[in-house]
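Visitor: Please work out how this folds:
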Amino acid sequence: MAQSPAFQKGPDANFDSGYECIILAGGLGTRLRSAVPELPKCMAPVAGKPFIQHLIDYLLGQGVQQFIFALGYKHEIITNFLDKNYPSLTYKIVLEDEPLGTGGAILLACKAAIQKNVMIVNGDTLFKVNIPELFNFHIQQQSNCTLCLKPMKDFDRYGVVEINENNFIQSFKEKKYYSTGLINGGVYALQVEKFLRLPFPEKFSFEKEFLEKYYESEKMMGLVQDEYFIDIGIPEDFERASKELR
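Guide: Model (predicted):
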């Protein structure tokens, strides 16, 4: 099924400078439905404002100037929020007519991108990485995809990503209990042209069918960032975010 083309908002939607960031905010949020039954997950109220507002404000503070919002479920709520609260923000919207998976959403958004390298974040996760450091590393290393990795202790909710001494991705380990390890924080720098040339289906998982499938043949690297990380995808972390974010 054909997807809706990007539509543009802001003073210079045909942007050509600065950091460009794709925010994935099209998911159904089923794990969080008990806490916020009527809203897209990224619009869940956290410390008095929608979670996505915390995310956008952080990204703006780190120098992101252009945004692409990949939307689907109840997208009108998000677009109305952006119109009201960020009237001067430069952004594009891409809409899924049906769920495409993380990979399909990123593929659709990349077709609307202007920059050669884009940042990708999840609309339900705030990982306070150093964005200039991420882009500098990614570009200097000529990486096809750079993953921001968060050191964790005593966890079983995430798999582990292993890197070698030169920061190349070596393996992805399945979810189970780990005493220590590096997790995929869901923040990426991506070389758009090299990503778009790969043979993907319309619907696919970015994690399974790009990262785990191609890390040995495409140049993928990991950048460790031991910074604040919160994923509101489950009710207990949603409650924790409400206490920690202001």
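Visitor: For this protein, which segments are assigned as strands?
Guide: 4-9, 19-25, 45-46, 49-50, 64-71, 91-95, 117-122, 125-127, 145-155, 160-163, 169-173, 178-191, 220-224, 229-231 (DSSP state E).
Visitor: give me the low-pLDDT residue ranges for this structure?
Guide: By pLDDT under 70, the weakly predicted segments of the chain are 1-17, 28-37.
Visitor: quick one: contacts for residue 147?
Guide: For residue 147, the contact set (C-beta atoms under 8 Å, 6 or more residues apart in numbering) comprises 161, 169, 184, 185, 187, 188, 211, 220, 221, 222, 223. Any C-beta I mention is one placed from the backbone N, CA and C, and that applies to glycine too.
Visitor: what's the answer for residue 80, then?
Guide: Residue 80 makes contact with no residue, according to C-beta under 8 Å, 6+ apart.
Visitor: cool, residue 222 as well?
Guide: By C-beta under 8 Å, 6+ apart, the contact set of residue 222 is 146, 147, 148, 149, 161, 163, 167, 168, 169, 182.
Visitor: which residues does it form a beta bridge with?
Guide: Bridge pairing for residue 222 (DSSP bridges) gives the partners residue 147.
Visitor: cool, and residue 122?
Guide: residue 24.
Visitor: Serialize the contacts of residue 147 to JSON lines and add fields for distance to residue 127.
Guide: Formatted as JSON lines, those follow (distance: C-beta to C-beta, whole Å):
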{"residue": "161", "distance to residue 127": "14"}
{"residue": "169", "distance to residue 127": "17"}
{"residue": "184", "distance to residue 127": "10"}
{"residue": "185", "distance to residue 127": "4"}
{"residue": "187", "distance to residue 127": "5"}
{"residue": "188", "distance to residue 127": "11"}
{"residue": "211", "distance to residue 127": "16"}
{"residue": "220", "distance to residue 127": "18"}
{"residue": "221", "distance to residue 127": "17"}
{"residue": "222", "distance to residue 127": "13"}
{"residue": "223", "distance to residue 127": "11"}
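Visitor: Go through the strands of the chain and name the closest to residue 245.
Guide: Closest of the strands of the chain to residue 245 is strand 45-46, at 5.5 Å (criterion: C-beta to C-beta).
Visitor: packing partners for that closest one?
Guide: Counting contacts by 3 or more C-beta pairs under 8 Å, 6 or more residues apart in numbering; DSSP states H and E, strand 45-46 packs against helix 235-244.
Visitor: For the helix it packs on, list the C-alpha coordinates in CSV.
Guide: The C-alpha coordinates for helix 235-244 follow below in CSV (Å, rounded to 0.1, in the frame of the first residue of the first chain):
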residue,chain,number,x,y,z
PRO,A,235,4.2,1.5,33.0
GLU,A,236,6.9,1.3,35.7
ASP,A,237,9.4,3.3,33.7
PHE,A,238,6.7,5.7,32.7
GLU,A,239,6.1,6.3,36.4
ARG,A,240,9.9,6.7,37.0
ALA,A,241,10.1,9.3,34.2
SER,A,242,7.4,11.4,35.9
LYS,A,243,9.6,11.6,39.0
GLU,A,244,12.9,12.2,37.2
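Visitor: so how far is it off the chain centroid?
Guide: How far helix 235-244 lies from its chain's middle: 19 Å, per C-alpha atoms, centre = their mean, to the nearest Å.
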